[in-house]
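just the structure for this:
(2 chains)
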Amino acid sequence: MKGKLKYLPAILVVVLIVAFFIWRYAFRESGMNVSSEKPDYALTSSGLLQSFEADENAANALYLDKILLVSGTVESVSSDSLGISVYLKEGDAVAGVICSFEKESIDTVLIRTGIQVNVKGICTGYLMDVVLNKCSLETEAK
Amino acid sequence: MKSGILILALLGIFQIQNAQKLVSKNTHVWFYSHTPMEDIEAHNRQAVSILDPATGELGFNLLVKSFEFKIALMQEHFNENYMESDKYPKAAFKGKITNNAAVDYKKDGVYPAEVTGDLTIHNVTKSITTQGTIEVKGAAVTARAEFIVKPSDYGIAIPAVVENKIAKEVKVTVDGTYASN
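Below you'll find the predicted structure:
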């Protein structure tokens, strides 16, 4: 009996630690870690678009849920009560890459049409354009 | 001279085509599940919508993975267990504003809109009818609607463990502002 009790505090500590990590895992907020994480792929907006246009299923298998670092030219910026959307498009292309940012997460004065940017975000797929979610700006615009 | 007329004619056709359809690439679609145990909401602000003011034809397309939840684990369960978004990455609506003639896209105002069409979620298509509004404000047209989706109708099985946390009827809200394209 005594022998068993001896380990009780240690077991309690282990249980508490495990419970803490389960709690942390279950209630972690989504998308908090994208900006600090390394991208899985780095590519240009036109290259990304081309791979989706060529074979959507293959591109989905490769890029869905992955963190992509995409470089491209800003075509337009729009913001509303929900957040900021930066549209990357090259020249005469009919489609591009839509990047969604959190509200007030970037300075929309600096991000303007025509400049080159590097955007990191999670790829959620392809509709009319390739869509990146939970984006962050990787380097300051020049 | 002839080619000039041809070019003018082509330009005219092009303009008419341009004026035909309204496109929104940042339509906001969100859903709300209420139970006494838990309230869950998720937002997707990257849905694409196309509205043809001439015919009232209306379409929505969205990526299931674009729904954002506050809690990451919920988002993972939603994608992996319920919506199976790797297998079925998109959800869509294709339908019509049945009282489109009553909407004056050239005059400011909020018009009630009756919408009916096919909703595809989780690779299951059901026909739905709902009430919404079309708001015209200058050049901007905004479509809004609310409707109820029953997960069970779309072959989405909710495990018994979380049965009390996920509503049997989920309220979906759609809000899209169009730019003429």
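
pull out the buried residues from stretch B:132-140.
B:132, B:134-136 (16 or more other Cβ atoms under 10 Å in any protein chain shown). (C-beta placed from N, C-alpha, C; glycine too.)

if you could redo that for stretch A:85-92, that was the one I meant.
By neighbour count, with 16+ other Cβ under 10 Å as the criterion, the buried positions of stretch A:85-92 are A:85-90.

now render these as a markdown table, adding secondary structure and distance to chain B.
Output for the buried residues of stretch A:85-92, formatted as a markdown table (DSSP: H, G, I helix; E, B strand; the rest coil; distance: Cβ to the nearest Cβ, whole Å):
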| residue | secondary structure | distance to chain B |
| --- | --- | --- |
| A:S85 | strand | 5 |
| A:V86 | strand | 11 |
| A:Y87 | strand | 8 |
| A:L88 | strand | 13 |
| A:K89 | coil | 11 |
| A:E90 | coil | 17 |
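
mind telling me the two of the residues you listed farthest from one another?
Using Cβ to Cβ, the pair of the buried residues of stretch A:85-92 lying farthest apart is A:S85 and A:E90, separated by 17.5 Å.

can you check the pLDDT for residue 92?
As the question left the chain open, I've gone with chain A. pLDDT for A:D92: 88.

looking at chain B here, not the other one
With respect to pLDDT, B:A92 scores 97.

correct me, but it touches B:L63?
No. Judged on Cβ atoms under 8 Å, B:A92 makes no contact with B:L63 at a distance of 10.5 Å.

between those two, who's got more neighbours?
Neighbours per residue, other Cβ atoms under 10 Å in any protein chain shown: of B:A92 and B:L63, the larger number sits with B:L63, 22 against 17.

how about low-confidence regions in the chain?
No chain specified, so I'll use chain A. By pLDDT under 70, the low-scoring segments of chain A are A:1-3, A:31-32, A:139-142.

wrong one, chain B
Counting by pLDDT under 70, chain B contains low-confidence ranges at B:1-19, B:180-181.

which residues of it lie near chain A?
By Cβ under 8 Å from any Cβ of the partner chain, the residues of chain B that approach chain A are B:23, B:25-26, B:28, B:43, B:45-48, B:61-63, B:65-66, B:68-75, B:86, B:89-90.

OK, contacts around the residue nearest to the spatial centre of chain B?
Compute the mean C-alpha point of chain B, and by Cα atoms, centre = their mean the closest residue is B:F60, 4.0 Å away. With contact set as Cβ atoms under 8 Å, 6 or more residues apart in numbering or on different chains, B:F60 has these partners: B:27, B:29, B:47-49, B:92-94, B:174, B:176.

any idea how far apart the tips of stretch A:38-47 sit?
Length of stretch A:38-47, first residue to last, Cα to Cα, to the nearest Å: 20 Å.

close to chain B, is that stretch?
No. Remark: stretch A:38-47 sits outside contact range of chain B, by Cβ under 8 Å from any Cβ, the gap being at least 15.1 Å.

in that stretch, what's buried?
By neighbour count, and taking 16+ other Cβ under 10 Å as the criterion, the buried residues in stretch A:38-47 are A:39, A:43, A:45-46.

let me have these in TSV, extended by secondary structure and distance to B:P53.
As requested, these are arranged in TSV below (DSSP: H, G, I helix; E, B strand; the rest coil; distance: Cβ to Cβ, whole Å):
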residue	secondary structure	distance to B:P53
A:P39	coil	41
A:L43	strand	38
A:S45	helix	31
A:S46	helix	32
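
which of these lies closest to chain B?
For those, the residue nearest chain B by Cβ to the nearest Cβ is A:S45; the value is 15.1 Å.

give me the beta-bridge partners of the spatially closest residue to the closest one that is not a sequence neighbour?
Nearest non-adjacent residue to A:S45, counting by Cβ to Cβ, 6 or more residues apart in numbering or on different chains: A:G72, 3.0 Å away. For A:G72, the beta-bridge assignment (DSSP bridges) gives partners A:V117.

show me the contacts for A:G72.
Applying Cβ under 8 Å, 6+ apart as the definition, the contact partners of A:G72 turn out to be A:44-46, A:88-90, A:96-97, A:116-117, A:119.

returning to what we had before: the residue nearest to the centre of chain B and A:L110, how far apart?
Relative to A:L110, B:F60 is positioned 33 Å away (Cβ to Cβ, to the nearest Å).

for A:W23, same thing?
Using Cβ to Cβ, one gets 39 Å for the distance from A:W23 to A:L110.
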